[in-house]
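Asks: Predicted model and sequence follow; I will ask about them next.
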Amino acid sequence: MMDENNRFKDQVILVSGGAGFIGSNLCEALLKYDISELRIVDNLSTGKKQNLEELLSDRRVKFFELDILEFEQVEHVMSGVHICFHQAAMGSVPKSIKVPRAFNDVNVTGFLNILESVRLNGVQRLVYASSSSIYGDSTELPKMEDRIGKPISPYALTKLINEQYAEVYSKVYDVESIGLRYFNVFGPKQNPSGAYAAVIPIFAMKLLRGEQPIINGDPSFTRDFTYIDNVVEANILAALTTRTEAINQSYNVASGSRTSLMELVEAINSCLGIDIRPKIGMHREGDIPHSQAGIDKISKNLGFRVVVPFEEGVSKALSWYKDLLENSSA
């Protein structure tokens, strides 16, 4: 059995979108292994270099500020890479409805640039971020990988196309890849600011300030909130699996449970020892009522397990946002 600390021994790893929320957490975890080099690619449009400030002093880290739409640059930086983790993308269902062409450019053309660079450079494996939005108008719960609905947003469509491109490349060019369908990821380094920020950081900052959070739509709507450590673990397992049947597949990455938006507010209130009721806002176009992942496939094929459950994750995230708030007001 491979030594835990030598699983990535002497390998060159590339993480696109490495200055973002998920990417920076993944980079931090990868540096705990005996890798040869970590190449971090980000154009800093949404990622922040401050997410990497504790990592850049490591001699193994090389940061490249470049856009994945620049194919020649992407191909160049991919040279000599063993494993590529592709996290770079435009997120947010509501934003994709406003600017669909931009989402297609980054999420489809950018993904194809990564995929083609992986092929041309003989990269051993690509692990890429897909999304729970791929289930579209399907009302089935829990969501199972082999049964998806029709996309209901440009963002969802781009992620579906990513998976289709990956499948074609596996069949035509023998490129190894694994897609990870993230379900409502949350945790440290997730940006609480901006019009398209995710729900947990928004609620956390509101309640830390003693303000009422706003639930857009029905408070009974549910999500499978997934703490970042679980997502990092899934990426690492996907990169390292040697099981033939596990490769060139897509997997749900989630807790396997669901929490209503009202329960989320109550959980944050409980952690903070307060009781602030939310306001109810307008329903957001493109939002699905309920989401819960089946995680049997990823558990069986990759050995995935939930390392940090929802309640513990909320507590960890709140601790980080509390520090952020205190430092910003210092």
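Replies: Structure received.
Asks: secondary structure element for E326?
Replies: Under the criterion of DSSP states H and E, E326 resides in helix 310-328.
Asks: Can you list the buried residues in that helix?
Replies: When burial is assessed from 16 or more other Cβ atoms under 10 Å, helix 310-328 yields the following buried residues: 310, 313-318, 321, 324. C-beta: built from backbone N, CA, C; applies to glycine.
Asks: Which neighbouring elements make contact with that helix?
Replies: Helices and strands touching helix 310-328, by 3 or more Cβ pairs under 8 Å, 6 or more residues apart in numbering; DSSP states H and E, are helix 199-208, strand 226-227, helix 261-272.
Asks: most tightly surrounded among these?
Replies: Highest mean neighbour count of the helices and strands packed on helix 310-328: strand 226-227, a mean of 26 (counted as mean count of other Cβ atoms under 10 Å).
Asks: Adjacent strands (with direction) for it?
Replies: Using DSSP bridges, strand 226-227 pairs in its sheet with strand 185-186 (parallel).
Asks: which residues are in contact with the partner strand?
Replies: Contacts to strand 185-186, defined as Cβ atoms under 8 Å, 6 or more residues apart in numbering, come from residues 21-22, 198, 200-201, 225-228, 231, 313, 317.
Asks: Need the worst-confidence member of those residues.
Replies: Ranked by pLDDT, those bottom out at A198 (88).
Asks: Disregarding residues adjacent in the polypeptide, which is nearest to that residue?
Replies: Spatially, and ignoring its direct neighbours in sequence, A198 is nearest to Q190 (6.1 Å; Cβ to Cβ, 6 or more residues apart in numbering).
Asks: Likewise for V61?
Replies: The shortest distance from V61 to any non-neighbouring residue, by Cβ to Cβ, 6+ apart, is to L38 (5.0 Å).
Asks: Including distance to R125, could the buried residues of helix 310-328 go into TSV?
Replies: TSV is the format used below for the buried residues of helix 310-328 (distance: Cβ to Cβ, whole Å):
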residue	distance to R125
F310	30
G313	28
V314	33
S315	34
K316	30
A317	30
L318	35
Y321	34
L324	35
